[in-house]
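J.: Got a predicted structure plus its sequence, pasted below:
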Amino acid sequence: MNKHNSSKALILVIGLLIVLAATFFTNTKNLNKLDFFGLEVPVVPLKVGTNLWLGYEPLYLARSLGYFENEPIRLVEYTSATQAIRAYRNNTIQATTLTLDEVLLLLEVGLDPRVILVVDISNGGDVIMAKPEIKSLSELKGRRVGVENTALGAFFLTRALEAVGLSNSDIIIVDSEIDEHESMFLKDEIDAVVTFEPIRSRMLTQGAHVIFDSSKIPGEIVDVLVVSNDTLLRYPEKVETLLQGWFKTLDYIKTQPKEAAIKMAPRLKVSTEAVLSSYKDMIWPDLEENLRLMAGLEAPLLKTATQLASKMLQTHLLQREVVLTDFIEPSVLKNIRGAVSTASLE
């Protein structure tokens, strides 16, 4: 083959590779597997971890409603927040829902989580429940209190006890994973427990009652969605589709609250009425409210994180100060709003 023909052959090969690459990446959006010359090539899904909590349930509702547009997004449910955090740290999942205090702990150990969404703000959904004979928080002194071994459990319990002049040393702390709360209460292994929905609704039917809830510390229990910066760079379309599906689901819940409750109740293992009643116990910020909370140098979420970090240092939940620059990433939200604005003009 002469030099001229070699050059033509090389150009043809390069052209073919470009076409194949374009076909490959164009088709990854809506398929979990690609047919690549008769070979099935798996598409890497975006794995999103959660534990069971009504505030996270719109993710699963979005999936059932088909709002992820066939994008390869896989929801992975763990029995506790501790397991979800471990999976995120081990790169088993690329994104996870966490409370803001748990994000601060990830920053403390040198990880680089980026908050891309305020999922919900607890307004009564997180609670301390007790036996009928325990009428108030002050009566917890000397009692056995079940609490999950997480930053949220420790923080929430500490804030509650502060309200009545008690500390952790005044009670008997019993380690209790979220999936053990009901059984330990029924077996008389604990007198009270730090828990949240849907466990709250179940335990109300078993004789427990609420003696403290998160509405008493407004704005302090915030759930967020985090991803690594690497995930943002590698899977921008998947991340945007995830958030678009989230906000579309919030609209569905707002316009069809009963239908949404009917769909969510079986997974939560509570009644439809319990789900409807629980709506008031949390705030799901919409797109505009998310941008207000997260964007700018004076972002309210940054202020909340700064105050929270200070309280966690005082109570030794954090061992050192954490750097809070750049961990809030509103760019995905801005892209979504830009797309919505463009579509409305067309």
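T.: Structure received.

J.: Contact partners for Thr241?
T.: 68-69, 71, 73 (C-beta atoms under 8 Å, 6 or more residues apart in numbering). For every residue, glycine as well, the C-beta is placed using N, CA and C.

J.: Secondary structure element holding it?
T.: Thr241 belongs to helix 236-255 when assigned by DSSP states H and E.

J.: Enumerate every residue touching Met294.
T.: Contacts of Met294 (C-beta under 8 Å, 6+ apart): 115, 118, 301, 328, 330, 333.

J.: what are the phi and psi angles of the residue nearest to Asn149 when sequence neighbours are not counted?
T.: Excluding the flanking residues, the one nearest Asn149 by C-beta to C-beta, 6 or more residues apart in numbering is Asp175, at 5.2 Å. Asp175 adopts backbone torsions of phi -60, psi 130, taken as degrees, to the nearest 10.

J.: you'd agree Asp175 is up against Val145?
T.: No. Assessed by C-beta atoms under 8 Å, Asp175 is found out of contact with Val145, at 10.6 Å.

J.: Give me the more crowded residue out of those two.
T.: Val145 (22 against 11; other C-beta atoms under 10 Å).

J.: give me phi/psi at that one?
T.: According to degrees, to the nearest 10, Val145 has phi -120, psi 120.

J.: Was I right to think it contacts Ile190?
T.: Yes. With contact defined as C-beta under 8 Å, Val145 counts as touching Ile190 (6.6 Å).

J.: Could you name every residue contacting both of the two?
T.: Val174.

J.: pLDDT below threshold where in the stretch 151-300 of the chain?
T.: Scanning the stretch 151-300 of the chain for pLDDT under 70 picks out nothing.

J.: one step back: which among the contacts of Thr241 count as buried?
T.: With burial judged by 16 or more other C-beta atoms under 10 Å, the buried subset of the contacts of Thr241 is 68, 71, 73.

J.: now for the helix or strand encompassing Thr96, which elements pack on it?
T.: According to DSSP H and E, Thr96 maps onto strand 95-99. Of the remaining helices and strands, those touching strand 95-99 by 3 or more C-beta pairs under 8 Å, 6 or more residues apart in numbering; DSSP states H and E are strand 46-51, helix 81-89, strand 222-228.
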